[in-house]
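**Q** heads up, no residue letters with this:
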């Protein structure tokens, strides 16, 4: 009568539920880590190496362009080089952060792989 036995549906439903809950927990974990870096992070000056422009499909249809800043920083204590990628930004991102310019990055001193790139989103006025 049923195309799937009820046990198979129960197992499938449980797996989907655990997957959704696990994904949500990982999202919250990364969200609170970002808050921790904003609150207790060490500010370092990295150098912008490049800016990527990516075409992103919007949920309502259509496209938009998002910009991402890539920067590097060399830890003076360990001489290890770290590479950072920013969150998505708008049209003024390439103007405010051209390649070769300094950019602030908040890092976790215990684990520099936890970071947040500090971006300027509005247009700078040079008048």
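**A** Okay, I see it. Just so it is clear, the structure is predicted and the values come from calculations on it, not from any experiment.

**Q** How confident is the prediction for residue 34, by pLDDT?
**A** Residue-level confidence at residue 34 comes out at 57, pLDDT.

**Q** And for residue 29?
**A** With respect to pLDDT, residue 29 scores 66.

**Q** cool, and residue 81?
**A** Residue 81 is assigned 91 on the pLDDT scale.

**Q** check contacts around the spatially closest residue to it that is not a sequence neighbour.
**A** Closest residue to residue 81 in three dimensions, ignoring its sequence neighbours and counting by CB to CB, 6 or more residues apart in numbering: residue 74, at 5.0 Å. For every residue, glycine as well, the C-beta is placed using N, CA and C. Applying CB atoms under 8 Å, 6 or more residues apart in numbering, we find residue 74 in contact with 80, 81, 82.

**Q** ok, longest helix in the protein?
**A** Using DSSP state H to define each element, the chain has its longest helix at helix 6-40.

**Q** re earlier: most neighbours, which of the contacts of residue 74?
**A** Neighbour counts for those, by other CB atoms under 10 Å, peak at residue 82, which reaches 17 neighbours.

**Q** now that residue: how far from residue 110?
**A** Distance, residue 82 to residue 110, by CB to CB, to the nearest Å: 14 Å.

**Q** do the same with residue 23
**A** Using CB to CB, which is the criterion applied here, residue 23 is 26 Å from residue 110.

**Q** Next, work out how far apart the residue nearest the centre of the chain and residue 67 are.
**A** The residue lying closest to the centre of the chain (CA atoms, centre = their mean) is residue 87, at 4.4 Å. Residue 87 sits at a distance of 10 Å from residue 67 (criterion: CB to CB).

**Q** Okay, and the beta partners of the residue lying closest to residue 116 once chain neighbours are set aside?
**A** Spatial nearest neighbour of residue 116, excluding adjacent residues (CB to CB, 6+ apart): residue 106 at 4.8 Å. Applying DSSP bridges to residue 106 gives these bridge partners: residue 43, residue 116.
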